Structures are given as structure tokens and as C-alpha cells.
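Please find the sequence and the predicted model below.
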Amino acid sequence: MSILTVSGSPHVHGKMSTNKIMWNVVLALLPALLVSIYFFGWNVLLLTCASVAACLLFECLIQKYLLKGDMSTVYDGSAVVTGILLAFNVPSNLPIWILLLGALVAIGVGKMTFGGLGKNPFNPALVGRVFLFLSFPTNMAPSQWPLPHPMFGSNAVEAVTGPTSLNIMKHGIEQGEVLPNLMDMFTGAMGGSLGEISAIAVLLGGVYMLCRRIISWHIPVAFLGSAFIFAGILNLVNPTLYVSPLYHMFAGGMMLGAIFMATDMVTSPITHKGQIIFGCGCGLLTIIFRCFGSMPEGVSFAILIMNAITPLINKYVKTNKFGYTKTK
Amino acid sequence: MKTFNRGGVHPEENKLARNSKIEVFPLTKKAVVFVSQHLGAPATCLVQKGDKVKVGTLLAKAEAFICANTHSPYSGTVTKVDVATDFNGFKKPAIYIDVEGDEWEEGIDTSNDIIREITLEPKEIVDRIKDRGVVGLGGAAFPTNVKYMIPEGKKAEFLIINGVECEPYLTSDNRIMLENTEEIFIGIEIMKKALGMNNALIGIENNKPEAIRVMTEMSAKYPGTKVVPLQMKYPQGAEKQLINALTGREVPSGKLPIEVGCVVDNVGTALAIYDAVQKNRPLISNVLTYTGKSVKAENQKNLLVRVGTPLQEIIDYCGGLPEDTGKLISGGPMMGKAIMDTTAPTVKTTSSVLVMNQKEASRQKETPCIRCGKCVDACPMGLEPVLLGTLSSQQKWEEAETECVMDCIECGCCLFTCPANRPLLDMIRVGKFKVGAIRRARAQQK
Amino acid sequence: MEMIVIYAIVAMTVAGIVLALVLYLVAQKFKVVEDPRIDQVAEKLPGANCGGCGFAGCRGLAEAIVKAGNLEGKACPVGGAPVMAQVAEVMGLQAEESDPMLAVVRCNGGKCNTHQKAAYDGAMDCVSANQNFASEGGCSFGCLGLGNCTKVCKFDAISINPETGLPEVDQDKCVGCGACAKACPRMVIELRKKGLKDRRVFVSCVNKEKGAAAKKNCDVACIGCGKCEKVCPFGAITITNNVSYIDFTKCKMCRKCVAECPTGAIHAVNFPPAKPKAEETPKAENTVETKVEEKGGNNENVQ
């Protein structure tokens, strides 16, 4: 008879694995990628592939030569997710070498310096994005962004540029510029970073992840809800200065941030109560940065700040334990 | 439909042996009976080498409060009183019996007639339960009589009968509910009488529609006993979770169910109480499920096995182990213990032998924790397994204690759900062990 | 313009003086009076905070020594006699003589001498494994080989040999703090006297089963036969619960028991090559090993 295996209970497993989670996230990101390709052309695919390849390469090299660790983490898909998210945060006309630099910072500084997957306090893609944003402001946040020109439209010849809806919200309203209509913003027919333009595609991915139980509803709902309410209050106080909260919802990286960035498991709290606090913090900070800050966008800074607070939330926000609550 | 209030997981149910009728397992030739087969203080052995015993002869006597008698499941000669290996390879005091015939002690009713009239008084019932060595058959083997001695100032409001069987694969409780329905109900009537109560709740998960139907039909004959179908969710069969599902109450941390006015017993225990009180039979046998995905359909069995039967004989009876067997489990796949020694004998609470093939047997490779919080979501006790596991591996016992490591019921939901395959429960058990030792040391100092 | 400069200088000076006064007063008010000898003693101690002395870290020991004013029962196993002599000097006392101790692994089963009956697939933690099963070889008393002892060692003195699956103590690094002995759930590790010229004789087995049962699982188990007890001229060997134990305070290192043991469970360490009648020539090994395999009474010695 063969030798029997012995281990502690349980002896069955729920079949969920880190790899599956990561590849499901990749799958959920595809609609946004397709919409982006449709509006900005094949360059989008090139940028995304370059970013993913660079993230994988850097992870591989660092794991092999610096950390001398287990190479299997390279294939778990987390670097792919980081790569896609990083590409989703840049304009479609960004030179590739800048993006590669961003990938190096995202993986090298954002993730591997802390020891790799599961140990990084900040979302690596956002670290990369903020690094690029601060180092190459003219490339990363130009006043003139490429505007969408649908691939199969009649005049798909030359890329046109113009301000993004966030730029308009920040500076343009006084100068009489008009925001794109809400429907265009919802489907993605507006200027902006690769992945963030189409709210519907991002939402689709979010619904998929919710159904597969990759994420829970707490962070996105708290994030979007608190941002909506806060922006709504500002709008009620001064409608001429502050736009309707619906525009905030669909403009810029709000959807992408709330659904894909803030829900990053490693850098968000583990309890549902903590996740709601985390989401509310993100939402409030985003609107504060957008309305009172010097820059048009605030999602990434809001999430990074809340990432930094996450260990505190984990320490002080506890679950309700069974047998400690008073029952009738 | 009712269920408990937090956490829980949905493992594949795999109740493969659900349609196999209970078979009576043939008597073994050489039996090995462990002296103590319950939770609590060890029993004192009463026999020695050369003694003749009959079925039902008292082998070991309970002398402490939380302790249970052990009776001989066979008639024959005691060949030695020594140690024997249990399923996990540990040595425990045991009595070796060479079996000769099947002669029962006098005063034990061996017929299959159903006796409906309860003649004993409550006090006598509790004494009889203690005398006949009945222990909780839900898994913990807690001496049953202790539950019926209600402490001063407490009052039993609910009698809860556990027919949940939330563990995957296990079908023994399901079978006895179908085949011994009336005996179980009479057992419940006895419990009611012992507690001076008129009503009882039987919780059954809705993946056993037949059992729910049969039991509900029978409950018409026994007013006051109600069958409550429950939504399927593991670990509903855990005492605290079942109380919560049926009554909405939460047993306070570190307390027994009687604190919230509940007495909980398994359907198997109800049957054992019936046998003890109405027929004067000691607890010497139980229904055991032999199952597993790699076991052939005709070998999936529910067996009525006498205590002390070597496991190897059961395996041989069921067609031997499949070629690719990698793991044997005594109990369900979520809370059962892996078996390393197949020569070891069964005990009162051996409810199942689960065969797993080599692929199922080994755990997946452990990867870094991604702090997804799925274990926190799944924990039915509302604990933070990821934190407790880390504290245990860092040997921070005091912190683990303040994080309520002792409230863990070891249901296995955390490890089941962990996408990184981290051995959370293994380390939490270490934490419980160490914190328990620290607490005992503290109590001694006082 | 000059006025502003003067104002600034004056203001800063005044503020500085006032704050300094505040600091001084607070420092006076909340001054903790501490025996200066605690610091002096703590300075002499190694500072590894291993807890081997039984106190919470080196400073804990220093406080205890100063508080008690004597050295009874307080000794640093790491620094040993030289450190305690220095401490005694600080305290103006006489240092107690204490023999240096050493951790000894009393199990020689491992992968080589037992037959694998089960494969462990749980958390790599001895306590966890001990909750689940006897051991891969079937012995429920011996070493589990998952290395809890190596995790707690502050001095990197104990490590699992991948070949045997057993812990090995580096006698040059071990300071006898006893952390490994406390961490072992099966109490396989014992602190023994380091011995003259580092020589030790000990029974490398803790199996309490009867002979046949013990021998079934492990080729080198102590079977409690009692031959060593009879042969020992100094009455150092006792057999309790089927296992032999050599009292290191009585043992005179004659090694008669080593030759007598039928299973080779008694180990003699660091003795010079045995009498010339030994057929096997001692293997020349450079690595320091603490354990010597005993085969058929022939000593295979390692320096």
C-alpha cells in the first residue's frame, strides 16, 4: 500500500487560488481595453502589451537576481494586472520609453522593494502612475489630450486633441467650455487615459468580478457613494463653480479607481467595515483634490493616501465576533 | 429559510453513500477497545488479562464528573491490557479482546421491537445515560449526561436536535433519520422528560429532502417536536452555529449552550439515548460511512459497526482500498482527522472513513498571503484567521489571546477558502494549544 | 531693519531660556531614580535577549541581579563564567561556579533509522504536526523534524540536517540557553553538561514504549533492556518508562554502556579514536558534528 498523507483538517479546498483571482481581474479589464482600442486605435494595444511585458520582465529579473526568490510568483498574473492598470492610466500618445520607466518604478519600487506580492503597502500601478505624473507632467497630464475618434467612423484619419472633461471641470467652465454630454462620458467617447474613459466597460468588468466573488461590493460602493454625496453637496452649495456629481462619477479615473484600483486586495483593509471606511476616505479625498486641489485629477492620490492608512484600519477596525454581541 | 448569521462556506456536498442502507458489520475476531473514548478525564480500567467479558460488560468506569463509562462491545476473553495505536499513531491504553460468540449481559434488550412507553423518572434517565456510557456523537464525544444536569440558576428553553450533517460526504445521520425515525423521536421524548420540557427543534439541512419529509411525517405523532429545514451552509452543524440558526441567539464566548437556554444533541445521540434508556443497551456501536470519490459505487456503504473493530477489516469488507489512495480520513473532510495507521480500531465517534486519491490528498502549494480577507469573510465566528495565523507563527500568544484565538471552532472555513493555500487553521490550532496552556498555568498560579 | 533682527534674536533667546527651564523642571519632576548598577550590569551582559536566564531579556536579568543583591540562581548561559565574573565584579560579589551547558538532541530516528509510514503535508511546525499524527516514521515520542528548535535559536546553533531530517547542534555556537528545549513539543532536546573536553555520553532516545514496540518503528530506539544500567559502575544510569537515562552529574565517561547497548542508542561524543582493535578506521571529517553513530559497539569518532 502506498504511504498515506497526513495533514490537519480541512482536507478539501475551495478551488480558489491567487492565480485564478489575478487572471479573472485581467479578464474583467478586457472590455475597457477593447473600448479603448476602439476609440484611440491600435496604439493602445501596443502600449498595453509593452507595459505588461515590461512589468513581467522586471518582476522576473528582480525576483531572479535581486531577491533570489521563488520564480513561480512571476506567473501568478499579478504583474500582468499591474501592467494593464499602469497602461490604463496614461494617455494614448505617451512615448513608450516613458511607460517602460513607469513599469520599472511600479514593479521595482512599488512592489518588489517590499518583498513582492502581498507585501507592498501601495498599489504598484498607482505608484508607477504617480511617478510618471510627477516626472513627466507635460506628457502625462497635457492640456491637450488625444480625443477619441472611433475606428470604424467615417473620418478616422488623424487624431484630434483637446482638453479632457476633468480639465474642463477644473478650469474650463469659467472660460465657457462645454463638458461632453453624459451619455458620451458613460460610453467613453471623451478624452482621457486609456482605460478610464468608458464607465460602462469598467462597470461591466466590476460586475463580472462581483459575480465571481473576486471583489466585494463594499469598496466600490463606498468610494462612489461618498464621492457622489460629497460632490452633490458641493454642487448644491454652488452649482456654477462645482459641476453635477454625475460628471464626477464618469469623468477621469473615478470608475477605474473605485472598481479596479481601490479594490486591490493587498492594499485594502481585510474587514468589510474597514473596507467601507477605506472606500469613503477615497471618495472624499478624490472630490477634495478635484475641487480644491491644484491638479484636475485626484483619484490616484486619494487611493495612495488611503493605502497608507490601511494598516491602521486593519489594526483598529475589527470584525463583530460571534458570542460578544448582546442578543435578546 | 433559516441559517446562521455570519461566515460559512459551500463545499461540494458529495453525499455519495446517501442511498446505501445501513448494513450490520460482521463481528471481528480480535477487538481492541480503548479505555477512554470521550472528552474529559480518563476512565479507570476494571478488567485484566484473562477476564471473560460479555457484550455490555463494564470495561472502564467513569470516576470524574466529565467522564464516561466504556462497555465491552464483544463477548470473549481479555488477552491483554496494554497500549494500542490510534488512527493518528499515538499510543493509548486499550483492552484487547479475543472474540468468542456474541453473548450479551443480562438485562439488555437485544430485540428490534420499538418500546414507546417511557417508564423512568428524569433523575433515573440521566443516571442511565451516564451508566450506559453515552457520549455526544456529533464528533466531540462530550459525555451526554453532563448536558442534562442543568446548573443552578439556568433554565433550558430549547432542546435542539442536530440532524444537519453539514460535512460533505457523511451520510450516517441521514441514514439513521430515514431508518430509525421513530427511535430517534422516542429518544427525543426521553430527553424532553429528563429536561422537563415539552418542545424540541430538529434542524436538518435542505440537501436531505427525504429525511426532512420522513421526520416531518413522524413529528405529527410526537407533538411538541418540530422539524426545521435549514439553508445549506457549512458549518451549520457546529453547536453554536446551529443554536444561532434556530433561535437567533449567540452563545457567549467561552460558555456552554445552556448559557442561552439551549441543550443540543445529535440525532445519533438521540438514538443512543433511546437504546440506553428503553433497551438498557450501552453505547457499543455506531453507524459509519465508508465513502470517497475513488470508491466504487457498490462499496459506498453505511455500516453499523461495533466499537473496537480494526479499521483494516472495514476497508477489506468494502472491497479494499483503491490503488491510488493517498489519504484516509476519519470523519468528514472539513473537520476529520487524517489516519496514518489502518490497523487501529474504531471508537464511539468514528462516523466515517473517507478515502481520498493521491490527487485530492495533497494540499496545493502555499503562496504569499494577498490579504484578500476571504478567510475573514468565511469565518463563522467572526474572527480574523489571517491575523491569528500570523500571530501564532510569530509566537505572539498574548496578542493572539486578545484576538480571541480561543473562540475558534476549528471548522476549517479559513483554510478552505484561502486562495494562497496558507495553513491558517494549522497555525491557529497551535495558537489555541499554546494560549490554552498559558491560561491553565495562570489558573494554577491563582 | 536692524530692529527686526534684534527683536528676533531677543525673542529666540527668551524662548530658548524659558523652554529650557520647562524641560529642566519636567526632567526633575519626573526623574526616575534607577540604580546605576543596572546599567553597568546590563552592559556586561551579551545583549542577545535570548531569555535563557529565565528573565525577560538581558536587562531583566540585570534588574533582577541588582534587586536581589546576589547571584543565586541567576546566571547568563550565553556569556557563561567570564561574563558572570564581570557582573560579580560590578556587584562586588563572588561569582558562582557553574558548568557550561549544551543542548543535546535525544533522538536518532529521523529518515535513516525509521521506515516511512506516512507523509506529512501540513504547516511546517512541530506543534501543529504533533497535533495531527505520531510522526512520519510512526514513533510518537521522537523528533518530528520540522525545526521549531531552529526557529527559536538566537545563535544559529541548531539546524536540521536534510539527510537525516534531525536537528544538529553546533557545539561551538550553542550557549545552552535552552530555548530549543522549550520549543520542542516532544521534549526531545535536553540541556546537558558540556563536559570535560566537550565529551558527552547520552542516550539518544526518549521512546517510552516497550522494547518490541519501540524497535518496530525505529532501528536505534532504546528498548529499555537494562544492560547499560547493570554495566554502569557509577550508578549513573536509570531506566524509567522503558527508557534509559544517564545522569550527567554521576557519569564518569567510561563508555562501558556504549559498548553494551544492543541498539546503539547510547552516543559518545568527542572521544579520541577508540582502542586499536576497532576495525573501522575513523572517517576523516572536517565538519564539527555533535553526534556519533554507534554501530555494533565500534566507536566511529569525529573530532
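Sure, I can see it. Residues are numbered from 1 along each chain as shown, chains lettered A, B, ... in the order given.

Provide a list of residues in contact with the residue lying closest to A:Thr319 once chain neighbours are set aside.
Spatial nearest neighbour of A:Thr319, chain neighbours left out: B:Gly382 (4.6 Å); criterion: CB to CB, 6 or more residues apart in numbering or on different chains. In short, each C-beta sits where N, CA and C put it, glycine included. Counting by CB atoms under 8 Å, 6 or more residues apart in numbering or on different chains, B:Gly382 makes contact with A:319-322, B:6-7.

how about 6 Å then?
A:319-322, B:6 (CB atoms under 6 Å, 6 or more residues apart in numbering or on different chains).

quick one: it from B:Phe416, how far?
17 Å (CB to CB, to the nearest Å).

With B:Asp265 instead?
Applying CB to CB to B:Asp265 and B:Phe416 gives a distance of 26 Å.

any idea which element B:Ile115 lies in?
Using DSSP states H and E, B:Ile115 maps to neither a helix nor a strand.

That one: neighbour count?
14 (other CB atoms under 10 Å in any protein chain shown).

Would you quantify the distance from it to chain A?
Counting by CB to the nearest CB, to the nearest Å, the separation of B:Ile115 from chain A is 39 Å.

so what's that residue scoring on pLDDT?
Predicted confidence (pLDDT) for B:Ile115: 87.

picking up where we left off before, could you tell me which of the contacts of B:Gly382 belong to helices?
The members of the contacts of B:Gly382 all map outside helices under DSSP state H.

wait, which of those residues is closest to B:Arg440?
A:Lys321 (22.7 Å; CB to CB).

Count the residues that sit near A:Leu204.
By other CB under 10 Å, neighbour count at A:Leu204 equals 17.

which SSE is it in?
helix A:199-211.

Name the SS class of whichever residue of the stretch 51-200 of chain A sits closest to chain B, please.
Proximity of the stretch 51-200 of chain A to chain B (CB to the nearest CB) peaks at A:Gly118, 3.8 Å away. Of the three states, A:Gly118 takes coil according to DSSP: H, G, I helix; E, B strand; the rest coil.

Local confidence estimate at it?
Reported pLDDT for A:Gly118: 88.

ok now do it, which residues does it touch?
A:Gly118 touches A:266, B:368-370, counting by CB under 6 Å, 6+ apart.

longest helix anywhere in chain A?
From DSSP H, the single longest helix across chain A is helix A:18-40.

so how far is that helix from its chain's centroid?
Chain-centre distance of helix A:18-40: 12 Å, with CA atoms, centre = their mean, to the nearest Å.

Just want the angle from the helix or strand just after it to helix A:18-40.
Per DSSP H and E, the first helix or strand lying C-terminal to helix A:18-40 is helix A:43-61. Relative orientation of helix A:43-61 versus helix A:18-40 (axes from the mean of the first three to the mean of the last three CA atoms, to 10 degrees): 150 degrees.

Could you check helix A:43-61 and say which residues are buried?
A:43-45, A:47-48, A:50-52, A:54-60 (16 or more other CB atoms under 10 Å in any protein chain shown).

Dump that helix to PDB, restricted to CA.
This file holds the C-alpha atoms of helix A:43-61, laid out as PDB (Å, rounded to 0.1, in the frame of the first residue of the first chain):
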ATOM      1  CA  ASN A  43      -1.600  52.200 -30.400                       C
ATOM      2  CA  VAL A  44      -3.500  51.400 -27.200                       C
ATOM      3  CA  LEU A  45      -2.800  47.700 -27.700                       C
ATOM      4  CA  LEU A  46       0.800  48.400 -28.300                       C
ATOM      5  CA  LEU A  47       1.100  50.500 -25.100                       C
ATOM      6  CA  THR A  48      -0.700  47.900 -23.000                       C
ATOM      7  CA  CYS A  49       1.400  45.000 -24.300                       C
ATOM      8  CA  ALA A  50       4.600  46.900 -23.800                       C
ATOM      9  CA  SER A  51       3.600  47.700 -20.300                       C
ATOM     10  CA  VAL A  52       2.600  44.200 -19.400                       C
ATOM     11  CA  ALA A  53       5.800  42.800 -21.000                       C
ATOM     12  CA  ALA A  54       7.900  45.300 -19.100                       C
ATOM     13  CA  CYS A  55       6.200  44.500 -15.800                       C
ATOM     14  CA  LEU A  56       6.700  40.800 -16.300                       C
ATOM     15  CA  LEU A  57      10.300  41.200 -17.300                       C
ATOM     16  CA  PHE A  58      11.200  43.500 -14.400                       C
ATOM     17  CA  GLU A  59       9.400  41.200 -11.900                       C
ATOM     18  CA  CYS A  60      11.200  38.200 -13.400                       C
ATOM     19  CA  LEU A  61      14.700  39.900 -13.300                       C
END
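
Give me the angle between the next helix or strand after that helix and helix A:18-40.
Next in sequence after helix A:43-61, counting helices and strands by DSSP H and E, comes helix A:78-88. Per the same axes, to 10 degrees, the angle that helix A:78-88 makes with helix A:18-40 is 20 degrees.

Do helix A:78-88 and chain B come into contact?
No - Helix A:78-88 stays clear of chain B (CB under 6 Å from any CB of the partner chain), getting no nearer than 7.9 Å.

by contact count, what packs against that helix?
Under the contact criterion of 3 or more CB pairs under 6 Å, 6 or more residues apart in numbering or on different chains; DSSP states H and E, helix A:78-88 touches helix A:18-40, helix A:43-61, helix A:124-135.

tilt between that helix and helix A:124-135?
40 degrees.

Give me the residues contacting stretch C:231-242.
In contact with stretch C:231-242 (CB under 6 Å, 6+ apart) are residues C:208, C:210, C:224, C:226, C:228-229, C:244-247, C:250-252, C:256-257, C:260.

Could you work out the most separated pair of these?
Counting by CB to CB, the most remote pair of the contacts of stretch C:231-242 is C:Lys210 and C:Lys252, 29.9 Å apart.

got the residue ranges for the helices in chain C?
Using DSSP H, helices in chain C cover C:2-29, C:36-44, C:57-68, C:80-91, C:110-113, C:126-132, C:148-152, C:179-183, C:211-217, C:227-231, C:256-260.

cool, the stretch 51-200 of chain B as well?
B:122-131, B:144-147, B:172-179, B:181-195 (DSSP state H, counting those that start in this stretch).

closest one to B:Thr85 among those?
Here helix B:172-179 is closest among those (CB to CB), at 24.2 Å.

elements contacting the helix or strand harbouring A:Phe228?
Using DSSP H and E, A:Phe228 maps to helix A:218-237. Here helix A:218-237 touches helix A:245-250, helix A:272-292, going by 3+ CB pairs under 6 Å, 6+ apart.

For the first one, list the C-alpha coordinates in PDB.
Listed in PDB are the C-alpha atoms of helix A:245-250, where the atom choice follows Å, rounded to 0.1, in the frame of the first residue of the first chain:
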ATOM      1  CA  PRO A 245     -21.900  64.900  -9.200                       C
ATOM      2  CA  LEU A 246     -22.800  62.700 -12.200                       C
ATOM      3  CA  TYR A 247     -20.000  64.300 -14.200                       C
ATOM      4  CA  HIS A 248     -17.600  63.400 -11.300                       C
ATOM      5  CA  MET A 249     -18.700  59.800 -11.500                       C
ATOM      6  CA  PHE A 250     -17.900  59.400 -15.200                       C
END
